[in-house]
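[1] Structure of the sequence below:
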Amino acid sequence: AAILSAIVAGFWLLDALKDPILASIVGIEYQPLAKVLSVAITLVVVCSYDFLTSVVDKPSLFHIISVVFGMIFMILASMLSDPHTGLDNHEKSPHRMLGWICYFAIESYGSLMVALFWSFTNSIMDLEQAKGGYGLIISIAQVGAILGSTVATTAETVGIAQLFLISAMSVFSISLLIKVYHIVYRDDDVTSQVKGRVRRVTETSDDLIEQLELAHTPTCLQRTLTVFSGFYEGLLLIVKYRYVFHILVVTCLYEIVITVLDYEFKVLGSHKTSSHSSSLLVDEGDGNRFANLLGHFGQFTNLVSLLVASVGFSFLVHRLGVKGTLMVFPTVLFVAVIVTNLVPSLWVLFTFVSLLKAILYSLHDPAMELLYMPTSEPIKFKAKAWIDVLGARLAKALGSIITNMAHGDPQKLRNISEMPIIVISVLLLVLVWITGRQFDTLVRDRIIVGDEDSPTSRLTSLSVDGDRYAGLEMRNGLKPGDVGYDGYDLHFFEAVFSDDEENNESLNSKADERNGEFNSPDAGRRRANTSKW
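    Sure thing, here's the model as predicted:
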């Protein structure tokens, strides 16, 4: 909870500064384009993250992301305070790259760090622990969110550049908290298990074949393709499993509607706090007043979120179940779409957008995390990153395509977006209900989606007469089911590697023949069968 509190404190402070910086340096009318372009940036970020999950251990992921983004925000803070390139230059222009870089950095950090936290948390808790604990974690985290939003309200007195520096310190603190966590719980069995890296899906079958001496040495091309596959394994898992694809849809679809409503609110807020009739000029006071408005918006959002998380999440998830809890947010979203189209004022939008985000952060997002419980570790870390980071950005980009058609005109935006967001809200209600039913079925039948991709799945799925490892003893410190255990009866695996009676000879004989007759026709056929497996 303390780790998530530090994450969201920095995120809410940065999020309150993101749009004022863009509005002051580039222009608020370019926000839709910024959301579209952020998709390309996050694609690079999530591919790099996907690769890192298989290269470094899980705590190191926190350290790397914390240090890299902390340094980026410190550099940006110094550039924002520069009189020529920073906020003191009052001329807005889409050619001023600093505004774009600040926007992209904040967008990437917020999505990636939060996704990593929940991947880590989902891997150390079971379903019942999550139902009881996630509400408490969110409640404590909201204290950090309120603190970050409150600090953002001081933009007029402290200054945006100085607040950027404070947020960088908050980002650095996450690495320290992760280190403290692993020191305090170093003797805990669950904590010790999650210290390792996430094994790649392609490693599973390759490692097992090598242990059984049935694989030939891979070529340079094969090694290269294997390395590059590590950059998009999460995407392959989403495509492979229908349940994971459904999580992608229900996680991202609402972002289109939220993007439209949020943009309409911020356009009205920017106009309300501007002292110029022309949108081509903005003084620092305008940007600070806009940041102050968004800081109060963040305060209200997180106070409501704290209330809902404290008394609502655990109660609802135990009373209504996961499916019923998931239905709350899309229902409120549908009501908000109808009311804001009927009464399109700044304070109505302020209230409903704040309420939607509060329910999203304190109720819907934790309930969505429960959907990952019946999934494998690669899905929790790799596929989830693609869903939460890139998938959400794509959805926001679609919403931004709608908002970009309005060119900053709130009335035109309502005319263009009214029907699309109503249809999406209704569709979301149906899809959330379907996904909730799938989750209940998986939990009832004790099915783990993607379990066949785990390192020991091909071994643990094999059983004889109901006793999975009957008669097998530990060897070299490894028990049956562990990768590297060599005490199996190899005759037991004959049917796995051959499809006909002619090839059902002992595996030891196969290994000997391969050593002496590698180029024989029979050896070639056996290698083909192995490759097929």
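[2] What residues sit buried inside the host helix or strand of L163?
    Per DSSP states H and E, L163 falls inside helix 160-184. Neighbour-count burial for helix 160-184 flags 160-161, 163-168, 170-175, 177-178, 181-182 (criterion: 16 or more other C-beta atoms under 10 Å). For glycine as for every other residue, the C-beta is placed from the backbone atoms N, C-alpha and C.
[3] Which residues does stretch 27-39 contact?
    19, 22-23, 26, 92-94, 100, 103-104, 107-108, 259, 263, 266-267, 270, 279, 390, 393-394, 396-397, 399-401, 403-404, 407-408 (C-beta atoms under 8 Å, 6 or more residues apart in numbering).
[4] Out of the residues you listed, which end up buried?
    In those, the ones that pass as buried (16+ other C-beta under 10 Å) are 19, 22-23, 26, 92, 100, 103-104, 107-108, 259, 263, 266-267, 270, 390, 393-394, 396-397, 399-400, 403-404, 408.
[5] Just the ones of the contacts of stretch 27-39 in strands?
    Counting by DSSP state E, no part of the contacts of stretch 27-39 is found in strands.
[6] Spit out the contact partners of the nearest residue in space to G132 that is not next to it in sequence.
    Closest residue in space to G132, ignoring its immediate chain neighbours: S314 at 6.1 Å, by C-beta to C-beta, 6 or more residues apart in numbering. By C-beta under 8 Å, 6+ apart, S314 lies in contact with 131-132, 134-136.
[7] what kind of secondary structure is S314 in?
    Under the three-state scheme (DSSP: H, G, I helix; E, B strand; the rest coil), S314 adopts helix.
[8] Mind pulling up the pLDDT for it?
    pLDDT, S314: 81.
[9] For it, give its distance to I138.
    10 Å (C-beta to C-beta, to the nearest Å).
[10] go on, V8?
    9 Å.
[11] so what does whatever helix or strand S139 lives in touch, helix or strand wise?
    Per DSSP H and E, S139 falls inside helix 127-152. Secondary-structure packing of helix 127-152 (3 or more C-beta pairs under 8 Å, 6 or more residues apart in numbering; DSSP states H and E): helix 2-25, helix 97-124, helix 160-184, helix 284-311, helix 313-319, helix 365-370.
[12] one more time with 6 Å, if that's ok
    helix 2-25, helix 284-311, helix 313-319, helix 365-370 (3 or more C-beta pairs under 6 Å, 6 or more residues apart in numbering; DSSP states H and E).
[13] Show me which residues of that helix are buried.
    For helix 127-152, by 16+ other C-beta under 10 Å, it's 130-131, 133-135, 137-152.
[14] quick one: it to helix 97-124, angle?
    Following axes from the mean of the first three to the mean of the last three C-alpha atoms, to 10 degrees, one obtains 150 degrees for the angle between helix 127-152 and helix 97-124.
[15] Distance from helix 127-152 to the middle of the chain?
    17 Å (C-alpha atoms, centre = their mean, to the nearest Å).
[16] Would you mind writing the CA trace of the following helix or strand past that helix as PDB?
    Later in the chain than helix 127-152, the nearest helix or strand by DSSP H and E is helix 155-158. Taking C-alpha atoms only, helix 155-158 is exported to PDB below (Å, rounded to 0.1, in the frame of the first residue of the first chain):
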ATOM      1  CA  ALA A 155       1.300  25.700  -8.700                       C
ATOM      2  CA  GLU A 156       0.600  29.500  -8.600                       C
ATOM      3  CA  THR A 157       2.800  30.000  -5.600                       C
ATOM      4  CA  VAL A 158       5.500  27.300  -6.000                       C
END
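[17] buried ones in helix 155-158?
    A155.
[18] what mean pLDDT would you report for it?
    For helix 155-158, the per-residue pLDDT averages 82.
[19] Which elements pack onto that helix?
    helix 284-311.
[20] Ignoring the adjacent residues along the chain, who's closest to H182?
    P59 (5.7 Å).
[21] ok, I247 touching L371?
    Yes. Applying C-beta atoms under 6 Å, one finds I247 in contact with L371, separated by 5.4 Å.
[22] Quick one: residues contacting G269.
    L293 (C-beta atoms under 6 Å, 6 or more residues apart in numbering).
[23] could you redo the last one with a cut-off of 10 Å?
    Counting by C-beta atoms under 10 Å, 6 or more residues apart in numbering, G269 touches 19-20, 23, 28, 289-290, 293-294, 297, 346, 349-350.
[24] pLDDT added to those, as JSON lines?
    Listed next are those as JSON lines, based on pLDDT from 0 to 100:
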{"residue": "D19", "pLDDT": "83"}
{"residue": "P20", "pLDDT": "84"}
{"residue": "A23", "pLDDT": "84"}
{"residue": "I28", "pLDDT": "77"}
{"residue": "R289", "pLDDT": "74"}
{"residue": "F290", "pLDDT": "74"}
{"residue": "L293", "pLDDT": "79"}
{"residue": "L294", "pLDDT": "76"}
{"residue": "F297", "pLDDT": "84"}
{"residue": "L346", "pLDDT": "84"}
{"residue": "L349", "pLDDT": "89"}
{"residue": "F350", "pLDDT": "89"}
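[25] Name the member of the residues you listed that has the highest neighbour count.
    P20 (30 neighbours; other C-beta atoms under 10 Å).
[26] What's the separation between that one and S425?
    From P20 to S425 the distance is 29 Å (C-beta to C-beta).
[27] T273 now?
    From T273 over to S425 (counting by C-beta to C-beta), the distance is 29 Å.
[28] do you know how far the closest residue to E255 other than its chain neighbours is from T121?
    Spatial nearest neighbour of E255, chain neighbours left out: A395 (3.6 Å); criterion: C-beta to C-beta, 6+ apart. Look at A395 and T121: by C-beta to C-beta, they are 23 Å apart.
[29] what does S66 give?
    For S66 relative to T121 (C-beta to C-beta), the value is 17 Å.
[30] Please apply the same query to S270.
    From S270 to T121 the distance is 36 Å (C-beta to C-beta).
[31] Any idea which of the helices and strands packed on helix 127-152 has the lowest pLDDT on average?
    Among the helices and strands packed on helix 127-152, helix 284-311 scores lowest, at a mean of 76.
[32] Show me which residues of that helix are buried.
    Under 16+ other C-beta under 10 Å, the buried positions of helix 284-311 are 284, 286-306, 308-310.
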